[in-house]
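Trainee: sequence and predicted structure are below.
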Protein chains: 2
Amino acid sequence: MQTNEKLALLRVEMAAKEIDAYIVSNADPHHNEYVADRWCCRQWLSGMKGSAGTVVITADWAGLWTDSRYYEIATNALSGSEIELIRMSDLNVPDIQTWIKSNLTAGQTVAFNGADTDLKQARELLKQFKVDGIKSLTNLDLIDTIWKDRPAPPVGELFIVDDSIAGQSIESKISAVREKMTTDGIDSYLLGRTDESCWLLNFRGTDIANNPTPYCHTLVTLDDVIFYIDEKKITASARAKFESAGVTIKSYDAVVQDLKDLDKSAKLLIIPNYISYQLAEAASHCVVIESRAIVTDLKGVKNEIEVNHLKQAMIEDGAALVKFYTWLYSTLRNGEEVTELSASRRLEACRAEFDGYRHVSFESIMGYGPDGALNHYSVDEESDKPVLLENIFLIDSGGNFTQGTTDTTRTIPMGEPTQQQKEDYTIVLHSMLDLLLLEFAEGATGAQLDGVCRQALWKHGRNFKHGTGHGVGFGLEVHEGPQNISGVSTEKMKLGMITTIEPGCYRPGSHGIRIENMVHTMLSKETEFGRFFKFENLTFCPINTDLIEPSLLPPHQVEWINHYHKEVIEKLTPLLNEEEQSWLKHECRELS
Amino acid sequence: MQTNEKLALLRVEMAAKEIDAYIVSNADPHHNEYVADRWCCRQWLSGMKGSAGTVVITADWAGLWTDSRYYEIATNALSGSEIELIRMSDLNVPDIQTWIKSNLTAGQTVAFNGADTDLKQARELLKQFKVDGIKSLTNLDLIDTIWKDRPAPPVGELFIVDDSIAGQSIESKISAVREKMTTDGIDSYLLGRTDESCWLLNFRGTDIANNPTPYCHTLVTLDDVIFYIDEKKITASARAKFESAGVTIKSYDAVVQDLKDLDKSAKLLIIPNYISYQLAEAASHCVVIESRAIVTDLKGVKNEIEVNHLKQAMIEDGAALVKFYTWLYSTLRNGEEVTELSASRRLEACRAEFDGYRHVSFESIMGYGPDGALNHYSVDEESDKPVLLENIFLIDSGGNFTQGTTDTTRTIPMGEPTQQQKEDYTIVLHSMLDLLLLEFAEGATGAQLDGVCRQALWKHGRNFKHGTGHGVGFGLEVHEGPQNISGVSTEKMKLGMITTIEPGCYRPGSHGIRIENMVHTMLSKETEFGRFFKFENLTFCPINTDLIEPSLLPPHQVEWINHYHKEVIEKLTPLLNEEEQSWLKHECRELS
C-alpha cells in the first residue's frame, strides 16, 4: 500500500470520528529512544525512517515535521506522496502546535494517541489548543485500525543480571527506593521508563534491537512490587528470582486497571516525561506527586562493582577498536574495498570477539569525509559510501557488554590531513581535555562543565550544536540520565556517575571531527570550601597524533596525551595480535 | 507592643477565623527586592530586619525561618519573644511547607495573604498542602487588623526620564511590546513588576528608599495602555507626557476590577513570579498565558544611548571610589577614626559630588576584616566596627545616576596582607578575568559562563556560594533580569546586556574577597560557526596590586591589568584633585 492510499484510509476514519487533524509519531508507551516495529506508526504511514519525525494530517493536507538531520532521508521517502516536508530546523518554521492553531478554528478537533504520547508532551499540546478553543481527543489509535499487518508487541525473553555483576541485590534496591519514598511522603511509585524496571529488578530484555530494556512497567508500593510484563518473556529462573525477592508478576496491560484501582488517598509518584498520558489519566483520581525519578537518581550513581566491571569492558572495547583500525588501514593499503557499511560490520565483529559482548549499544556512526559532518549520521544500504585513503574518518560506536555499556568516538586521518583539519582536530582535543582534566566543586552542574569544555572552541571561533556529554547506563541504555552536559543542564554531577565527554567540530561538505572519552566522577580533594571532584578516564584507545598541531595545545595536555598513550599500550597489548600491537605502538608514539 | 503581645492578638484573629497556621512575610504585591515599610509585616511582628525571613504561627507555637546571613540578627531580634529561630541553611531543617505538613493534620487550615504572595510561590504552597488534605485561605491580611499604626502606602512623586536619556520614546516602546504580543497571540499583558512599568513609560519613582520604582501596575492591550498608580504621585508634566503617549491613568487598586472585567476570551499574558496570587485569581476567567515577560526581555537589552550614558556614569563612579579610597587611607594614617558606617557615609558623599547622582543603588557592603566574609553584610549602628590599618577591606557599592546604575566591588589591603590573602585575591582576580576576557558563542547560557569563571577557583580548592553575576537596570534596579550568571541559569547572554562579574572567596572569621566589574555584551566576530560575543569592560577603578601574586596569573592577564590601569588613569584623572591623582597613580603602577 502506498502512502497516499494509507492517508485516504486514515481520512475515512477521521471523518467518521469528526476529527479535523490527527497527529502520528513513532513514540512508544515508554518514551523509548529505540522503539519496536509495532510502534513505528509514522514510519509505516509516511515511509520515512529515523528517530525524529511527526506527521500531521487534515482532510486536505498532510505534513511531516523533521529536523535537518533527516531532510534528505525524508525528501526521498516522501517523494511521490502528498505529504509535505516541514523543515523544522529552518528559521521561522512553525512547530506542530502553532501550525494546528493557525489552520484549525475554535470548535474543530485534533486527536492523538494518548497511550503512546508522554504526559508532558500531551499536556503541552492540550494547553496550547485550549487557548484557541480547539477540542482534543486523546484516546484514539487510528493507525491501528488501518494497519492490517501491524506487528504484535515483541516477546523477547528476559534474562537475569547476577548480583555479582549488578553489585546490589533486588531486595537491597527495593529497600533503597522505599526509603526515599518514605522520606518524600510517597506510598506508590510507577516506574514508567523500561530501564528503571531493568535496574530495580536486575534483568535485561531482548524486545528491541540494540536496546536491552523490554516493554514493562513496575509499580512499587510500601508493601508490594508489581512487575507488569507479558509473561511469555519470563523464564523459570527469572520467575524464581523475582518471586524470592517478593515481586508479583502481572500482565503488561494490567497496569491500567491497577492504577484505576488505587485508593484516592494514594500518594503516587509519577514522572511526566516517563509516563504516557493514558496511564496518567488512569491514576488521576489519586494524590499525584510529580517529582524526580527515584530510580533514575539511584541508577545514575554506579556502585564500585559496576565501575570495576565497566573498566574491564572499556579495555576490551579499546582493543576491539585497535583491531578494527589495524584491519581498516591494512585492507585499504592492500587495495581492497571498504565501505562505511562494511567497516561498520567489521567493527561489530571485532567487539564480538570478546566474551560478554551482547550487541552494539547504538547504530555505529561511520562518518567518512563529508558524512562525518552530518549530525548523528547513520549508515545504511542507501547512504553507504566507499572509504578511501584520503580525507578523515569519524567513527562513533559502542557495545553493550555483560560488564557494561561503552561509547567511544575517534577521528582518524585516511590520507595527508589539511592544516584546517589539524587545527579543528587539535582544538576539539583541547576542549575534550579541558573538561576531562577539570577539578570542580561538588554541586557543579552540567551547564557549568559544558562552558568549560567549549571555551577553547569558542576562542577559535568554532562551536558544535550537540550536547557535550551524556550519562551511560550499566549494561543498559547508552544515553541515560539524570546527568547531561549541555548549556541548559542544571543537573549536578555526582560521585560514581559515568558520563561521556564528546566535543566536536563539523564543516558541512568537508569533514567532521569528534573525540569522545567516557569518565567516572571521583573525589579529588576536600578543603574548607567543600568537596571537589575530578574525572577518572575510562576510555583506552589511541588519540591520533598525526592530526595534532602541538603548538595549539597547552604543555600539560601534551604531557597528558603522552602519558595516556603509555597507559593505552600497557592495557591493550595483552589483547592484541602482533600486527595490531605494532600498529598500536606506532599510533601511540610520543608527541613532542 | 512586644512581639508576644502581637502574637497573642494575632491568635485571637486566627481563632475567630478558624485558622490553624498563618504565614507572615515581608513580601509586597510586586515581589520587590526592597519594600516600603507598609509591607514589612514580618519585621513588625517579629522585630527582625533583613530581606529574608518568614514567620509561621500556630495556636501554641511560632517560628521564624531565615538563612545563615541572618542567624545573628534574628537571634538578637527574637530574644525575649516566644518565636523560635528556624535555621533554614542548616542540614535537614524542614522548609515551611514541610513543617506545616508535619504539624497540621488533614482538614486543618493554613492561611496567608494572597495580595502579597506571588502566584508561583502561592501555587507551590497550595499544591503541597493539597497533597495532605490541609485547607487553605488565601485572602486574609490578619496583620492589617492588628497593626494599628501601620504606615499608609507611600506617595512619592514620580519623574520623567527624558527620551534623550532613555534612548527610546514611550510610543516606540509600546509599539515594540505590542509587536511581540501580536506575534505570540496575546491581546492583554499585565506588567506585574514595577520596573517594567518604569521602563515602558520612561519614568522613575520615589516611593522606596534606594529603589527608583514606585508601586504601580500597567495593563497593555492592543488598543490601550492603562497605568494604575496613586494619582497623588503624578505631576502635571508627567501626566501630560503619559497622555500624549495615549496612556490612561487609573487608581492603583482599580487593576483588580479591570482584570475581573476582562472578557473571558481575552488572551492575557502573566508572569507567575511577577504577579500576586490575588491578581492572578482576578484574571483566572480569561485565557491565561504564562510565558516570558516581554518587557523584561526588551529592557534587558540596552540601547546605544543607554550604554553611552552608562559609560559616563561608570567613570564618575570610578572617580568617586578613588576619592573615597584616598580619603580612607589618609584619614586612617592621620590617626583619625573611621568605622564601616562612617566609611559608608563618606562613600555616598563622594558619589554625591557628581551631577546626576540620585541615591545608592543598594545598601553599601562595607566588609572590614571578618565582616567581609559575611555574605551580603550590611552595616548598621549595631554591627558597625572600626576600620584599622590591618587586614583587608571588602567594599561593594553602587549608585543610581541619571546616566545609569552602577555596582562595583573592590577588596583593598589595610595593612601587610598575608600570603593566604594574596593567594585568595589573585585566584579571585584570575576567575574574574577568565570570564571578562572570554569569547563565547551566541546562545551561551549564564551557567556555561559561570563554569568558565569558577574553574580557576575550583582548581585551587576554593569556591563561593553566591551567583557570579547579575543584570543591571538602566537607572533602575541594580539586580535585573533576565540574564544571570550562576550554575543553574539557562538564560542566554544577548548583545547589549549589562551584567556584573563578581567572583569571591570567603574565610569566615578572617576575611572576604570579591572583585566585581560591570560588562557590556558586544559582538566579537562572526565565523561559519555563527556569531561570537565578548564583554566590553565598563568599570574603571584600580584593582589593588599589592594583593596580587603575579606568578599565579597567566601572562595575558598580567598584561591586561597593566593596560587596564593605564586606561583607569586616563579616564579618571580629569575628575580628581592632586592628592587623589597621586594616590591613583601609585595604585595603578605596573605589575611585572
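Mentor: Done, it's in.
Trainee: model confidence over the strand ranked longest in chain A, on average?
Mentor: In chain A, assigned by DSSP state E, the strand with the most residues is strand A:517-527. For strand A:517-527, mean pLDDT is 98.
Trainee: next: stretch A:456-464.
Mentor: For stretch A:456-464, the per-residue pLDDT averages 98.
Trainee: got the CA positions of it in CSV?
Mentor: Taking C-alpha atoms only, stretch A:456-464 is exported to CSV below (Å, rounded to 0.1, in the frame of the first residue of the first chain):
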residue,chain,number,x,y,z
ALA,A,456,38.8,26.6,23.6
LEU,A,457,36.5,26.1,20.6
TRP,A,458,34.8,29.5,21.2
LYS,A,459,38.2,31.2,21.4
HIS,A,460,39.0,29.9,17.9
GLY,A,461,35.6,30.8,16.5
ARG,A,462,34.3,27.3,16.5
ASN,A,463,31.4,25.6,18.1
PHE,A,464,29.2,22.5,17.9
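Trainee: any part of it near chain B?
Mentor: Yes - Stretch A:456-464 lies within reach of chain B by CB under 8 Å from any CB of the partner chain, at A:458-459, A:461-463. Quick note: C-beta positions are derived from backbone N, CA and C, even for glycine.
Trainee: other residues contacting that stretch?
Mentor: A:423-424, A:427-428, A:430-431, A:434, A:454, A:503-506, A:514, B:438-441, B:444, B:525, B:527, B:529-530, B:532 (CB atoms under 8 Å, 6 or more residues apart in numbering or on different chains).
Trainee: coming back round to it: name the helices or strands packed onto the helix or strand following the longest strand of chain A?
Mentor: Where DSSP states H and E defines the elements, the next helix or strand beyond strand A:517-527 is strand A:530-537. Secondary-structure packing of strand A:530-537 (3 or more CB pairs under 8 Å, 6 or more residues apart in numbering or on different chains; DSSP states H and E): helix A:419-436, strand A:439-441, strand A:517-527.
Trainee: list the buried residues in the first one.
Mentor: I take that to be helix A:419-436. Buried positions in helix A:419-436, judged by neighbour count with 16 or more other CB atoms under 10 Å in any protein chain shown: A:421-436.
Trainee: so for it, mean pLDDT?
Mentor: 98.
Trainee: against which helices or strands is that helix packed?
Mentor: Using 3+ CB pairs under 8 Å, 6+ apart: helix A:419-436 touches strand A:408-413, helix A:446-459, strand A:498-501, strand A:504-507, strand A:511-514, strand A:517-527, strand A:530-537, helix A:555-572.
Trainee: tabulate those (JSON lines), appending mean neighbour count.
Mentor: Below are these laid out as JSON lines (neighbours: other CB atoms under 10 Å in any protein chain shown):
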{"stretch": "strand A:408-413", "mean neighbour count": "22"}
{"stretch": "helix A:446-459", "mean neighbour count": "26"}
{"stretch": "strand A:498-501", "mean neighbour count": "26"}
{"stretch": "strand A:504-507", "mean neighbour count": "23"}
{"stretch": "strand A:511-514", "mean neighbour count": "26"}
{"stretch": "strand A:517-527", "mean neighbour count": "17"}
{"stretch": "strand A:530-537", "mean neighbour count": "18"}
{"stretch": "helix A:555-572", "mean neighbour count": "16"}
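Trainee: backbone dihedrals for the residue in the stretch 51-200 of chain A that chain B sits nearest to, please?
Mentor: Among all residues of the stretch 51-200 of chain A, A:Val131 sits closest to chain B, at 5.2 Å; criterion: CB to the nearest CB. Torsion angles at A:Val131 (phi, psi; degrees, to the nearest 10) stand at phi -60, psi -40.
Trainee: can you pull up the bridge partners for the nearest residue to it once chain neighbours are set aside?
Mentor: For A:Val131, ignoring the flanking residues on the chain, the nearest one in space by CB to CB, 6 or more residues apart in numbering or on different chains is B:Val287 at 5.2 Å. As for beta bridges, B:Val287 partners with B:Lys267 under DSSP bridges.
Trainee: and what of A:Thr54?
Mentor: Bridge pairing for A:Thr54 - DSSP bridges - gives A:Trp65.
Trainee: flag every residue of the stretch 401-550 of chain A that's near chain B.
Mentor: So the stretch 401-550 of chain A meets chain B at A:438-441, A:443-445, A:447-452, A:454-455, A:458-459, A:461-463, A:487-490, A:507, A:525, A:527-530, A:532 (CB under 8 Å from any CB).
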